[in-house]
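1. using only what follows, build the 3D model:
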Amino acid sequence: QVQLVESGGGLVQAGGSLRLSCAASGRTFSSSHMGWFRQAPGKEREFLAAITPSAIAKYYADSVKGRFTISRDNAKYTVYLQMNSLKPEDTAVYYCAARETFSSDYYSTAAYSYWGQGTQVTVSS
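-> Next up, the predicted model:
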């Protein structure tokens with residue numbers, strides 16, 4: 001069982017940066033595949049980034065590639081999402097997610113077993 005708690009959201013002006021953190025509990029974090037998603041009002045939950053347990057592989061959605069960076073610190077049981085050059089369309093609730101087995105569909109919400117409660121990110125123009 002993995003419990004996830006996101007933090008670091010807030011209000012930022014367009015062009016600004018935020019770093020989200022996701023603290024995990026449970027002994028399996030270092031072997032878990034982690035992902036970040038977001039959901040804007042009236043829209044489906046959208047894949048942003050994923051990272052393998054040892055951080056050898058990272059995957060990004062085209063919409064955030066070059067602006068967002070996923071990383072993890074297994075010693076701290078934490079995964080991060082560094083967000084730069086933020087745009088108003090990045091406004092959403094951001095979620096981290098975890099799964100304990102490899103899945104080729106890392107971009108799918110169905111591939112993840114555990115979810116955090118979300119943190120709000122608002123980008124003003």
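2. what's near enough to touch the residue nearest the centre of the chain?
-> For the chain, the residue nearest the mean C-alpha position is residue 36 (2.1 Å; Cα atoms, centre = their mean). By Cβ atoms under 8 Å, 6 or more residues apart in numbering, residue 36 lies in contact with 20, 22, 48-50, 68, 70, 79, 81, 94-97. To be clear about C-beta, it is placed using only N, CA and C from the backbone, and glycine gets the same treatment.
3. mind redoing it with 10 Å?
-> 6, 20, 22, 46-51, 60-61, 64, 68, 70, 79-81, 83, 94-97, 116 (Cβ atoms under 10 Å, 6 or more residues apart in numbering).
4. same check, this time on residue 24
-> 2-5, 30, 32, 34, 72, 74, 76-79, 96, 98, 114, 116.
5. contacting residues around the closest residue to it other than its chain neighbours?
-> Closest residue to residue 24 apart from its sequence neighbours, by Cβ to Cβ, 6 or more residues apart in numbering: residue 77 at 4.7 Å. Shown in contact with residue 77 (Cβ under 10 Å, 6+ apart): 2, 4, 22, 23, 24, 25, 26, 27, 29, 30, 32.
6. what's near enough to touch residue 100?
-> The contact partners of residue 100, by Cβ under 10 Å, 6+ apart, come to 1, 2, 26, 28, 29, 31, 32, 33, 53, 112, 113, 114.
7. I appreciate the help and will end here.
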